[in-house]
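# Show me the folded form of this:
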Amino acid sequence: MSNDTNNNVLFSKYYAQWIDVYKKGAIREATMAKYLMTQKWVEKLVPELRVSELTRTAYQQLLNDYAREHERQTTLDFHHQLKGAILDAVDEGMIERDPTRKAIIKGKTPKAKKIKYLNQFELHTLIADLDIKEEPNWDWFILLVAKTGMRFSEALAITPADFDFGRQTLSISKTWDYKGEGGFLPTKNKSSVRKIQIDWQIVVKFSELTKTLPQNQPVFVGESKVYNSTVNDVLTRHCRRCGISEISIHGLRHTHASLLLFAGVSIASVARRLGHASMTTTQKTYLHIIQELENKDVDLVMRTLSGL
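Numbers count the residues shown, from 1 in each chain. Here you go, the predicted structure:
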């Protein structure tokens, strides 16, 4: 840190320096954007607060002010992004005691969020409506996401070399920087690097599609910038034409996972296929489906026991 690192420096200035020194170039751009957004909120909420004035009460008030406009989970993320910088300030002797200790995380009541996904009949209807041409188009992209459950950025980064048609696998090892300047980026986490099985229909279709394409160039990305809204618009038009629920590309990922869970595939296998860091993520995301399956299990147990 610079010479400004004394306990009279403004906290907003200290935090900006801390991000520049410890985070710039060390984290993904998407994560960096979150830190910079946190910095803007610090400047907005406590523009005059000095590091020396950062007591437990002052810090709790900062969290409370932020929580007035955000849900609890977002406030918790805000807290975590500030805590690293504050603990460093404690280590450097700029603050006597850790003001983040025993912080209370509040937040607005979250809106009820129901994951939108298609049932099996709707997905069949959607796939039948896709216009699969000889050249790659967004309909091909929709088909691949529906059949694999990949994230949008992962599917954009797929190259012909990622397919192993003999073993019926698809290797996911990178993402595409569609929010920035383009180009390959690492995956979201280590668990996201994975090989997933693909069905014979995908093998037949994509082996034909990719045989003349450059092996290490993205199948779906050309020279112009890609926006997820463009692909979502294509998907919405298909949904409307088919008379089915309107979902987003991310909703196709949920559809893929939901159908696997309803088919009896284990949570562990679904988590690996989706590239989740832990099964906890899968359980939280698909809790409504898991509860529905548990209810069916109870019925099955009762029928089994009554037949003994």
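# Ramachandran angles for the closest residue to A30 other than its chain neighbours?
Ranked by C-beta to C-beta, 6 or more residues apart in numbering and with sequence neighbours excluded, the top spatial neighbour of A30 is K179, at 6.8 Å. Heads up, the C-betas are built off the backbone N, CA and C, glycines and all. Per-residue torsions, K179: phi -80, psi -20 (degrees, to the nearest 10).
# Return the distance of K179 relative to V21.
24 Å (C-beta to C-beta, to the nearest Å).
# ranges for the helices of the chain?
Taking DSSP state H to define them, one finds helices in the chain at 11-18, 29-45, 56-67, 72-91, 120-129, 138-148, 152-156, 200-210, 228-242, 249-262, 267-274, 279-285, 287-306.
# Quick one: closest of the ones you listed to S191.
helix 267-274 (7.7 Å; C-beta to C-beta).
# Just want the angle from that closest one to helix 138-148.
150 degrees (axes from the mean of the first three to the mean of the last three C-alpha atoms, to 10 degrees).
# elements contacting helix 267-274?
Where contact means 3 or more C-beta pairs under 8 Å, 6 or more residues apart in numbering; DSSP states H and E, helix 267-274 is packed against strand 194-197, helix 249-262, helix 279-285.
# Which stretch among those approaches A89 most closely?
Taking C-beta to C-beta, helix 279-285 is the member of these nearest to A89, at 31.7 Å.
# any idea how far that closest one is from the chain center?
Its chain's C-alpha centre and that of helix 279-285 lie 13 Å apart, by C-alpha atoms, centre = their mean, to the nearest Å.
# Pull out the buried residues from it.
The neighbour-count check on helix 279-285 (16 or more other C-beta atoms under 10 Å) flags 282, 285 as buried.
# Kindly report the same for stretch 69-82.
For stretch 69-82, burial by neighbour count (16+ other C-beta under 10 Å) applies to 70, 75-79, 81-82.
# Turn the helices and strands packed on helix 267-274 into a markdown table, columns for mean pLDDT.
Output for the helices and strands packed on helix 267-274, formatted as a markdown table (pLDDT from 0 to 100):
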| stretch | mean pLDDT |
| --- | --- |
| strand 194-197 | 96 |
| helix 249-262 | 92 |
| helix 279-285 | 85 |
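# and this protein, what are its domains?
Residue ranges for each domain of the chain read 11-91, 120-298, as given by automatic domain parsing.
# Of the helices and strands packed on helix 267-274, which is nearest S12?
S12 lies closest to helix 279-285 among the helices and strands packed on helix 267-274, at 33.0 Å (C-beta to C-beta).
# elements contacting that closest one?
Applying 3+ C-beta pairs under 8 Å, 6+ apart, one finds that helix 279-285 contacts helix 249-262, helix 267-274.
# In contact with K108, which residues are there?
67-72 (C-beta atoms under 8 Å, 6 or more residues apart in numbering).
# ditto for S278
Contacts for S278 (C-beta under 8 Å, 6+ apart) come out as 191, 271.
# Over to it: give its phi and psi.
Per-residue torsions, S278: phi -150, psi 160 (degrees, to the nearest 10).
# Show the model's pLDDT score for it.
For S278, the pLDDT comes out at 87.
# And V301, by the same measure?
pLDDT for V301: 70.
# State the distance from it to I267.
For V301 relative to I267 (C-beta to C-beta), the value is 19 Å.
# More neighbours: the two, which one.
A count of neighbours by other C-beta atoms under 10 Å puts I267 above the other of V301 and I267, at 19 against 10.
# Give me the pLDDT value at that one.
For I267, the model assigns a pLDDT of 90.
# re the thing from before, including distance to K106, could the helices and strands packed on helix 279-285 go into CSV?
Shown next, in CSV, are the helices and strands packed on helix 279-285 (distance: least, C-beta to C-beta, whole Å):
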stretch, distance to K106
helix 249-262, 28
helix 267-274, 31
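# Out of the ones you listed, which is the most enclosed?
helix 249-262 (a mean of 21; mean count of other C-beta atoms under 10 Å).
# Quick one: residues contacting N295.
N295 sits next to no residue when contact means C-beta under 8 Å, 6+ apart.
# Just give me the neighbour total for the nearest residue to D131 once chain neighbours are set aside.
With sequence-adjacent residues excluded and distances taken as C-beta to C-beta, 6+ apart, D131 is closest to D139, at 5.0 Å. As a burial measure, D139 scores 18 neighbours (other C-beta under 10 Å).
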